[in-house]
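Enquirer: Let's see this in three dimensions:
(chains A and B, ligands or ions: 6)
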There are 2 protein chains.
Amino acid sequence: MREMTKANLANAFAGESQAHMRYLIFSDKAEKEGKANIARLFKAIAYAEQVHATNHFKTLGELSDTKDNLEKAISGENFEVNEMYPAYDAVANLQSEKQAVKSIHYAIEAEKIHEKLYSEAREAAVKDQDINIGKVYVCPVCGYTVVGEAPDTCPICGTKKEMFKEF
Amino acid sequence: MREMTKANLANAFAGESQAHMRYLIFSDKAEKEGKANIARLFKAIAYAEQVHATNHFKTLGELSDTKDNLEKAISGENFEVNEMYPAYDAVANLQSEKQAVKSIHYAIEAEKIHEKLYSEAREAAVKDQDINIGKVYVCPVCGYTVVGEAPDTCPICGTKKEMFKEF
Ligand SMILES: [Fe+2]
Ligand SMILES: [Fe+2]
Ligand SMILES: [Fe+2]
Ligand SMILES: [Fe+2]
Ligand SMILES: [Fe+2]
Ligand SMILES: [Fe+2]
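Expert: Numbers count the residues shown, from 1 in each chain, chains lettered A, B, ... in the order given. Ligands and ions are numbered 1, 2, ... in the order given. As a prediction, the model looks like this:
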């Protein structure tokens, strides 16, 4: 693909992914305001943006097989753990932005686990096999991710077991 | 919030939103390869990234009430319809990138409808009311969005009614 079109589609993927995310957040907010139909509209359109992002991603030729997808996922998590979030954390601390420090801390702790879980999955995927795991639980406050059983309280943020989302 | 922390959190929101989207796409692919557990792991971690993106977004102070959220959504859709996608379309045509032209065409046609639907919702939201709408249907191939009933075939891409996703 020619370079300018490639750069444009990569930008469009970034834009659609963020629109998708904003609409999910706006949907929750509308729900909390008791506007169930507007919440549903936001959710439907968030899905439409997912379709657009997926089309751009595939057009860019970025979708590979699961083994390679895990490789990319591991490298992204590794970058966040070892480069991006430590740099952002240093700046947020320097500027005494406490809420930002917390938001960054929650992310970095979860990304470490993500890198590990994806690495275990890759071991199976290189043999073209699936993994054998129980339920996966995610903390809705900090993103802490655990396989098997949810802890009584989240080790990162203290959220109660009952609040964890099961996959 | 100080400017450097703000820029970093905005970048982190963009990164988390794109990680979330990539993992949803990778999940579908793992599912198609018959790796149901890896697919489930991708889906769980996609949700964890949604938690991180949401935390960063709220820390940035970008979450407002539904009326203002709709305002932001309309302005984003309007930018895509009138600025971003026409520019990308011109370049993709110039460079004869047919697949990109199609991916862009699908998006722009849906964004026009999104702007209209959000504008109707805003009329209710300014009076602090919900909208009164039936089901919302979205085409899984192009993102075409319609309220009430799905068409027999998608007017943008020809996908059959039975494939539409209902919200
Ligand atoms: Fe879109
Ligand atoms: Fe992660
Ligand atoms: Fe937590
Ligand atoms: Fe994350
Ligand atoms: Fe849109
Ligand atoms: Fe369609």
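Enquirer: Report the contact partners of the residue in chain A that ligand 1 sits nearest to.
Expert: Ligand 1 sits closest to A:His52 of chain A, with a gap of 3.6 Å, by Cβ to the ion. Bear in mind the C-beta positions are built from the backbone N, C-alpha and C, glycine included. Contacts for A:His52 were tallied using Cβ atoms under 8 Å, 6 or more residues apart in numbering or on different chains; they are A:12, A:16, B:103, B:106-107, B:110, B:143.
Enquirer: pLDDT averaged over the helix or strand where it lies - what is it?
Expert: Per DSSP states H and E: A:His52 is located in helix A:36-59. Helix A:36-59 shows a mean pLDDT of 98.
Enquirer: mind listing what's buried in that helix?
Expert: Using 16 or more other Cβ atoms under 10 Å in any protein chain shown as the burial criterion, the residues of helix A:36-59 that qualify are A:37-57, A:59.
Enquirer: leaving aside the residues next to it on the chain, what's closest to A:Glu115?
Expert: Distances taken as Cβ to Cβ, 6 or more residues apart in numbering or on different chains place A:Glu77 nearest to A:Glu115, at 4.0 Å, with adjacent residues excluded.
Enquirer: how much space between the one you found and B:Tyr23?
Expert: Per Cβ to Cβ, to the nearest Å, A:Glu77 is found 10 Å from B:Tyr23.
Enquirer: list the contacts for the residue positioned nearest the centre of chain A?
Expert: Most central residue of chain A, judged by C-alpha distance to the mean C-alpha position with Cα atoms, centre = their mean, is A:Gly143 at 8.6 Å. For A:Gly143, the contact set (Cβ under 8 Å, 6+ apart) comprises A:106-107, A:110, B:47-49, B:51-52, B:55.
Enquirer: if we go to 7 Å?
Expert: A:Gly143 is in contact with A:106-107, A:110, B:48, B:51-52, counting by Cβ atoms under 7 Å, 6 or more residues apart in numbering or on different chains.
Enquirer: Could you say which helix or strand holds the residue nearest to A:Gln18 when sequence neighbours are not counted?
Expert: Leaving out its chain neighbours, the residue that sits closest to A:Gln18 by Cβ to Cβ, 6+ apart is B:Ser17, at 4.6 Å. According to DSSP H and E, B:Ser17 maps onto helix B:3-32.
Enquirer: That helix near ligand 2 at all?
Expert: No - using Cβ under 5 Å from the ion, helix B:3-32 stays clear of ligand 2, with a minimum separation of 6.0 Å.
Enquirer: for the contacts of A:His52, which one is nearest A:Thr159?
Expert: Of all the contacts of A:His52, A:Thr159 sits closest to A:Glu16, with 30.3 Å by Cβ to Cβ.
Enquirer: Can you report how many residues neighbour A:Val126?
Expert: Using other Cβ atoms under 10 Å in any protein chain shown, A:Val126 is surrounded by 12 other residues.
Enquirer: Ok, A:Ser96 next?
Expert: The burial count assigned to A:Ser96 is 10, neighbours taken as other Cβ under 10 Å.
Enquirer: Kindly state the domain boundaries assigned to chain A.
Expert: Chain A resolves into domains spanning A:3-59, A:64-130, A:133-167 when parsed by automatic domain parsing.
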